[in-house]
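1. here is a sequence with its predicted model. Questions after.
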Amino acid sequence: MQMIKFVHHTVWAFDAEWAPDPLAGRLLYGLDEQTPRADIMQTMWRNNGATEENPNPYLKTVMCRFLSIAAVTRRQGRDGSVRVDLMALPKTDDPDSPEAQEVAIVDRFLRALGEKKPQLVGYNSINADMKALLQRAVVKGLYQPQFAKRPNKPWEGVDYIARNSDWHVDLKELVGGWGVTSPSLHEMATLSGIPGKMDVAGNDVPNMWLAGKLGEIVAYNEFDALTTYLLWLRMAHFSGHFDAGQYHNEQQLVRELLEREGEQKPHLLQYLQKWNELRALTA
């Protein structure tokens, strides 16, 4: 039995970004509506174990709001041709736009999953991203019957929630160990010649959101989705789904994507440059 059991004709490698939800902070800690968002977030961190060494501890995901979801999509046609694209929500850098609101982001992504039913790929997505999506969808009162429909047994149909479902491939579950022995996405990718974290880290996102830098958050989110996809390609190659020639061609499709989209999104050309540098170093 292979580590990755199959590669569906439609694969989405995704990543999500979130930050402490000021509304959650006000409701849980009885804060006044006039309390600034930054002060609310500090209160949330302080009540969840903040220290001088770790001023912004990881919060329960139910207390956080989604800012962006990005995915690299791979679609294989009946003729064997493959198309790779990059999608990201929201499609605006205006944080006050209706499509930038959390309800719109989560609703659109889960609806697309329910309708398209791709094979989903993530990194720590079983324990983090998917749980956060479920928690926030319930909190926001969304209606997602197509996504929520599950087979009686994981192997009898599409199931993104079950830990042992092959429709949701969590790369960290495959390569990780216990506690500190588990590699981060940055570590696993960088040592494989794939860009990991570049100019932004996850801890930077809340302050970027407070500063209204939604466009930069979406760009960072796209980086992580690309990294997750490239790592999945490498692990699918290891598992025998792509031989050396096919693996080379699959990577070339990503290079073409970066060059194509880089005309409108210069940060993707920066990603391509970093990828070239790491490939040279690890060759």
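-> It's in.
2. report the distance from the one helix or strand M235 maps to to the chain centre.
-> Under the criterion of DSSP states H and E, M235 resides in helix 214-238. From the chain centre to the centre of helix 214-238 is a distance of 8 Å (Cα atoms, centre = their mean, to the nearest Å).
3. just stretch 100-120 next, same as before
-> 12 Å.
4. next secondary structure after the helix holding M235?
-> helix 244-261.
5. quick one, the helix or strand following that following helix and helix 244-261 angle?
-> Downstream of helix 244-261, the next assigned helix or strand under DSSP H and E is helix 266-282. Interaxial angle, helix 266-282 versus helix 244-261 (axes from the mean of the first three to the mean of the last three Cα atoms, to 10 degrees): 150 degrees.
6. which one is K172 nearest to, not counting chain neighbours?
-> N124 (4.5 Å; Cβ to Cβ, 6 or more residues apart in numbering). All C-beta spots, glycine's among them, are computed from the backbone N, C-alpha and C.
7. now W45
-> N56 (5.4 Å).
8. all strands for the chain, in order.
-> Using DSSP state E, the strands assigned to the chain run over residues 10-20, 64-76, 82-89, 119-122, 168-170.
9. mean confidence score for the fourth one?
-> In this case it means strand 119-122. For strand 119-122, mean pLDDT is 98.
10. for that strand, which outside residues touch it?
-> If you take Cβ atoms under 8 Å, 6 or more residues apart in numbering as the criterion, strand 119-122 is touched by 6-8, 10-15, 113, 129-130, 160, 166-171, 228-229, 232.
11. buried ones among those residues?
-> Buried subset of these (neighbour count, 16 or more other Cβ atoms under 10 Å): 7-8, 11-15, 113, 129-130, 160, 167-171, 228-229, 232.
12. hang on, N164 packs against P154?
-> Yes: if you go by Cβ atoms under 8 Å, N164 and P154 touch, sitting 5.6 Å apart.
13. so which of those two has more stuff around it?
-> P154 (17 against 10; other Cβ atoms under 10 Å).
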